[in-house]
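Enquirer: My questions concern the predicted model and sequence given below.
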Amino acid sequence: MPIRKFRGIEEMGGPVWYEPGDPALYRAIRGVWGLAHRILQPTFPPGVHKHRSAEGMDACRRQWEDANFEAYHARRRRAMQSSGVGDHPGDAPSTRLE
């Protein structure tokens, strides 16, 4: 991606807003979701999951989120170790904030 230098805010232009139904909007959404999926690679147990309460459902969802979060950081640590990055104390992975 090329780097662009601006002398002032006026040169930057405003945010891009798409009209509902614009095909470019769908392409932009697909691109963002695709990037997130490639980076995070979320997985969920297959099937239908029934819960007795909303609290039980939330606890199950948190377990899945935590497992996906740990898997992401494990992949990140492996990638950093294989590239030689992460050998310094300040290179520790971030922690999850609730």
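Expert: Received, thanks. The shown structure was predicted, so the numbers you read here are calculated from the model rather than taken from an experiment. Numbering: from 1, shown residues only.
Enquirer: Residue 24 - nearest residue in space that isn't next to it in sequence?
Expert: What sits nearest to residue 24 in space, not counting adjacent residues and going by Cβ to Cβ, 6 or more residues apart in numbering, is residue 18, at 5.5 Å. All C-beta spots, glycine's among them, are computed from the backbone N, C-alpha and C.
Enquirer: and that neighbour, what is it in contact with?
Expert: 24, 25, 28 (Cβ atoms under 8 Å, 6 or more residues apart in numbering).
Enquirer: Put the alpha carbons of stretch 76-87 into PDB.
Expert: C-alpha atoms of stretch 76-87 as PDB (Å, rounded to 0.1, in the frame of the first residue of the first chain):
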ATOM      1  CA  ARG A  76       0.800 -15.000  17.100                       C
ATOM      2  CA  ARG A  77       3.500 -16.200  19.600                       C
ATOM      3  CA  ARG A  78       4.500 -19.000  17.200                       C
ATOM      4  CA  ALA A  79       4.800 -16.600  14.300                       C
ATOM      5  CA  MET A  80       6.800 -14.200  16.400                       C
ATOM      6  CA  GLN A  81       9.100 -16.900  17.600                       C
ATOM      7  CA  SER A  82       9.700 -18.300  14.200                       C
ATOM      8  CA  SER A  83      10.600 -14.800  12.900                       C
ATOM      9  CA  GLY A  84      12.900 -14.000  15.800                       C
ATOM     10  CA  VAL A  85      10.600 -11.200  17.100                       C
ATOM     11  CA  GLY A  86       9.500 -11.400  20.700                       C
ATOM     12  CA  ASP A  87      12.900 -12.100  22.200                       C
END
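Enquirer: residue closest to the middle of this protein?
Expert: In the chain, the residue lying closest to the centroid (Cα atoms, centre = their mean) is residue 36, at 4.3 Å.
Enquirer: From residue 20, how far off is that residue?
Expert: 22 Å (Cβ to Cβ, to the nearest Å).
Enquirer: and what of residue 49?
Expert: Separation of residue 49 from residue 20 (Cβ to Cβ): 33 Å.
Enquirer: can you give me how far stretch 10-27 is from the chain middle?
Expert: Offset of stretch 10-27 from its chain centre (Cα atoms, centre = their mean, to the nearest Å): 21 Å.
Enquirer: how about the helices in the protein?
Expert: Ranges of helices in the chain, per DSSP state H, are 9-12, 23-40, 54-83.
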